[in-house]
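In: below are the sequence and a predicted model for it; my questions follow.
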Amino acid sequence: MPSPFSKKSATDEEKSTESKDFDGAVSAAVSKSAQAAINVKLTTEQKIEFFRTMVRTRRFEERCLRSYKDGKISGFLHLYIGQEAVAVGCCSVMQENDQVITAYRDHGHAIAVGMPLNPLMAELYGKVTGCSKGKGGSMHFFDPSRRYWGGHGIVGGQVPLGAGLAFGLKYKGIKGAALTFLGDGAVNQGAVHEAYNLAALWDLPVVFVIENNGYSMGTSQARSSAGDLAKRAEGYNMAWGVCDGHDFYEVRESIDKLLNLAREKSKPSILEIKTYRYRGHSVADPDPPNSTYRSKAEIEDYRRTKDPIQLFQNTLLAEHVLNDALIEKIDAEAKEEAENSAAFAEASPYPTVEDITKDVYWEEDNPAQKKSQGRIFFD
Amino acid sequence: MPVISYREAINQALAEELERDSNVVLMGEEVAQFDGAYKVTKGLLDRFGPKRVIDTPISEAGFIGAGIGASMLGVRPVMELMFWSFYSVAFDQILNNAANVRYMSGGLINVPIVIRGPANGGTGVGATHSHTPENICAAHPGVKVVCPATPYDAKGLLKSAIRDNDPVFFMENTILYNDKGEVPAEEYLIPLGLADVKRQGTDLTIVAHGRAVIHSLKAAQLLEAEHDISVEVVDLRSIRPLDEETILASVRKTHRVLLVEENKPFCGVGAQLSYMIQDKAFDELDAPIKRVSAIDAPAIYSKPLEDEQLPNPQRIRNAVLGML
């Protein structure tokens, strides 16, 4: 079957940044989670939409890489390629009062909560039409209207914030959970342990999701962490789980269980999701053969046998939800959408020098309301 | 008018704001059951209950970060640092997250937190417990920094700080907690960003904040009684935003400025004031700007030396005499 990611569809120019081909040798094995209630209830339209969101994420990230190499994006770029099922899967289970926060590999989460691509690419280009008016960049996508609280640069720094989102929900008597993402590189930061303790001590409705892609920049898990990652929850009397982040249905089933624990019982948990990134930690981290910490063969093996989009595609083909024509159409549209976002970003203006000192203080940005109580977000 | 202590003034401000706005919540180590390490939060747990007045474990990065996260949703945490010295264990949360989240989101988010607690030396607690980080914090756009010197200022400024929609860092002083002063029974607010001329004078301006104001007022009394010198004392109250106009008006009046601060001199508040004054009122100055800061070393333990290390009325008086 033709794959969006096969060599046939990639032009020479695209080959350097697109997913490498693979021979579709992955078997369309049925996920053991396909029969979970959270998955069985999905409609065909929903399944296609989730697939589409993962494809859109992949194509957007690839387009970002091209823009970066063209000098349009500066600073950091931490690509989500290979991890799509984690953000899309987890966010797909969010309910109306759930909140989400993550670290700097945040493009996937932004797209998963529904942020349109134009302001994302414009933000990367540093344009005033960016989702943060050009003031944040790649690591700082935010959308409070979609309950997405960033986008944070300091490893582990967002984890107490996530516990705080859960605290805020509980304080205001709102039934909901805070999805707090962190990487395998963050689990040893002191602030993370402080957040774990507070969550367990105060019964905060938070799920700490460790996106374990095996490497903290260039340092493998074995060289970083003593003991297992999620299992540390036991030291805090917290529930925990581990799941396969390449299996979309399994991600949904696993996170749903723990989100329910948070919402219904106001109990925190840690979910470690095993995933993998094909690209370097950031653009500055070279791909093999110049990589210092992993081999080309390892990456190729993941692409070939564990690509989350390919696996879900196989599943949906077997379910007769997808067909070749639809796959091609989804992929073509995803590429076009990504291309359009780059065109939008290119055409957009930069902020002005006067803009530099705006958005620092609420009071200065809202002078008419200076004497009032002020804005309370939830109201 | 009632005469109450600085401690009581803060307690009243907290109680009034807890009463007024159900989003306000107090958090900190020993603030609830212990009534506060310095009894500032005494009685608040009994009155408002454990949901509104929360004891935290010793976990500054954790609970301050959690407070910041909750504030993004509209909760208004007033978090105590038992000593402002402990800010450094939560530096990333305080000065990366609280200060920057609004900006990095392009203004989509605000962080209406207050962090309060004593920032002072002079109590023999040694170098790691004696920090006065108002200058360090004020160097970060996105935050506000307030240092009240009197009970009246403490109550009015804390109420404003709690109602402010940005992070406000409120720096008290354990030695001032017992100071008494007149505080109206009726509700009042003091806006942030306004200095206060605590003493009118004509010969020289002292600009100070926190306990240095009290020492400066004592020095001014000595100078008048013993040397017939009239010193004006400007109490900054807010470090950031800074009330430049009140300072400059005084400079235009007296033409001599002495800056007094408990900070260490290097990049202290006085360093910022010096630049500002000479930049905007150079022609008004009849003498170089001088300062009395803490003597530049980590806070010493030995009591008589600690008292000398910090600004005190004698050092201030001597500095003024040297300028006239």
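Out: Arrived safely. None of the values given here were measured: they were computed from a predicted structure.

In: where do the strands of the chain begin and end?
Out: Just going to use chain A. Per DSSP state E, chain A carries strands over the ranges A:99-101, A:178-183, A:206-212, A:215-216, A:219-220, A:239-244, A:269-274.

In: oops, I was thinking of chain B
Out: Assigned by DSSP E, the strands in chain B fall at B:3-5, B:24-28, B:53-55, B:76-80, B:114-118, B:144-146, B:168-172, B:180-182, B:196-199, B:204-208, B:231-235, B:238-240, B:257-260, B:290-292.

In: need those strands in a markdown table (columns: distance to B:I316).
Out: For the C-beta atoms, the positions are set from N, CA and C on the backbone; glycine is no exception. Shown next, in a markdown table, are the strands of chain B (distance: least, Cβ to Cβ, whole Å):
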| stretch | distance to B:I316 |
| --- | --- |
| strand B:3-5 | 24 |
| strand B:24-28 | 33 |
| strand B:53-55 | 39 |
| strand B:76-80 | 31 |
| strand B:114-118 | 22 |
| strand B:144-146 | 23 |
| strand B:168-172 | 20 |
| strand B:180-182 | 21 |
| strand B:196-199 | 13 |
| strand B:204-208 | 7 |
| strand B:231-235 | 9 |
| strand B:238-240 | 19 |
| strand B:257-260 | 6 |
| strand B:290-292 | 5 |
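
In: out of those strands, nearest to chain A?
Out: Closest of the strands of chain B to chain A is strand B:24-28, at 6.6 Å (criterion: Cβ to the nearest Cβ).

In: please name the strands paired to that closest one in the sheet, noting orientation.
Out: Neighbouring strands of strand B:24-28 in its sheet, by DSSP bridges, are strand B:53-55 (parallel), strand B:76-80 (parallel).

In: residues touching it, excluding its own?
Out: The contact list for strand B:24-28 (Cβ atoms under 8 Å, 6 or more residues apart in numbering or on different chains) reads A:171, B:14, B:17-18, B:32, B:41, B:44, B:51-56, B:63, B:67, B:70, B:75-82, B:117, B:162.

In: equivalent analysis for stretch B:175-185, please.
Out: Residues contacting stretch B:175-185 (Cβ under 8 Å, 6+ apart): B:1-7, B:9, B:12, B:38, B:40, B:118, B:120, B:122-123, B:149-152, B:155, B:210-211, B:214.

In: next, count neighbours for the residue of the stretch 201-324 of chain B found nearest chain A.
Out: Nearest to chain A in the stretch 201-324 of chain B, going by Cβ to the nearest Cβ, is B:P241, at a distance of 8.4 Å. Burial measure for B:P241: 17 neighbouring residues, criterion other Cβ atoms under 10 Å in any protein chain shown.

In: tell me the contacts of it?
Out: Shown in contact with B:P241 (Cβ under 8 Å, 6+ apart): B:144, B:192-193.

In: same thing with B:A139?
Out: B:A139 touches B:C267, counting by Cβ under 8 Å, 6+ apart.

In: for it, give its distance to A:R147.
Out: 33 Å (Cβ to Cβ, to the nearest Å).

In: returning to what we had before: just the buried residues of the contacts of stretch B:175-185.
Out: B:4-7, B:9, B:12, B:38, B:40, B:118, B:120, B:122-123, B:149-152, B:155, B:210-211, B:214 (16 or more other Cβ atoms under 10 Å in any protein chain shown).

In: for the strands of chain B, give me a markdown table that also has mean pLDDT.
Out: A markdown table is the format used below for those (pLDDT from 0 to 100):
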| stretch | mean pLDDT |
| --- | --- |
| strand B:3-5 | 98 |
| strand B:24-28 | 98 |
| strand B:53-55 | 98 |
| strand B:76-80 | 98 |
| strand B:114-118 | 98 |
| strand B:144-146 | 98 |
| strand B:168-172 | 98 |
| strand B:180-182 | 98 |
| strand B:196-199 | 97 |
| strand B:204-208 | 98 |
| strand B:231-235 | 98 |
| strand B:238-240 | 98 |
| strand B:257-260 | 98 |
| strand B:290-292 | 98 |
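
In: so which of the ones you listed is nearest A:H107?
Out: Taking Cβ to Cβ, strand B:76-80 is the member of those nearest to A:H107, at 30.6 Å.

In: okay, helices next: where are they in the stretch 151-300 of chain B?
Out: For the stretch 151-300 of chain B, the helices defined by DSSP state H, counting those that start in this stretch cover B:151-163, B:211-227, B:244-254, B:269-281.

In: contacts for the shortest one?
Out: Just to be clear, that refers to helix B:244-254. Helix B:244-254 is contacted by residues B:194-197, B:201-205, B:207, B:232, B:234, B:236, B:257, B:273, B:276-277, B:280-281, B:284-285 when judged by Cβ under 8 Å, 6+ apart.

In: buried sites along it?
Out: Buried positions in helix B:244-254, judged by neighbour count with 16+ other Cβ under 10 Å: B:244, B:246-251, B:254.

In: so how far is A:A325 from the nearest residue to B:F34 once chain neighbours are set aside?
Out: Nearest residue to B:F34, sequence neighbours excluded (Cβ to Cβ, 6 or more residues apart in numbering or on different chains): B:D55, at 7.7 Å. To A:A325, B:D55 is 62 Å away according to Cβ to Cβ.

In: more neighbours, the two?
Out: More crowded of B:D55 and A:A325, by other Cβ under 10 Å: B:D55, with 16 against 9.

In: got the contact list for the more buried one?
Out: For B:D55, the contact set (Cβ under 8 Å, 6+ apart) comprises B:28-34.

In: of the helices of the stretch 151-300 of chain B, which is nearest A:N197?
Out: With Cβ to Cβ, the closest approach to A:N197 among the helices of the stretch 151-300 of chain B belongs to helix B:151-163: 27.1 Å.
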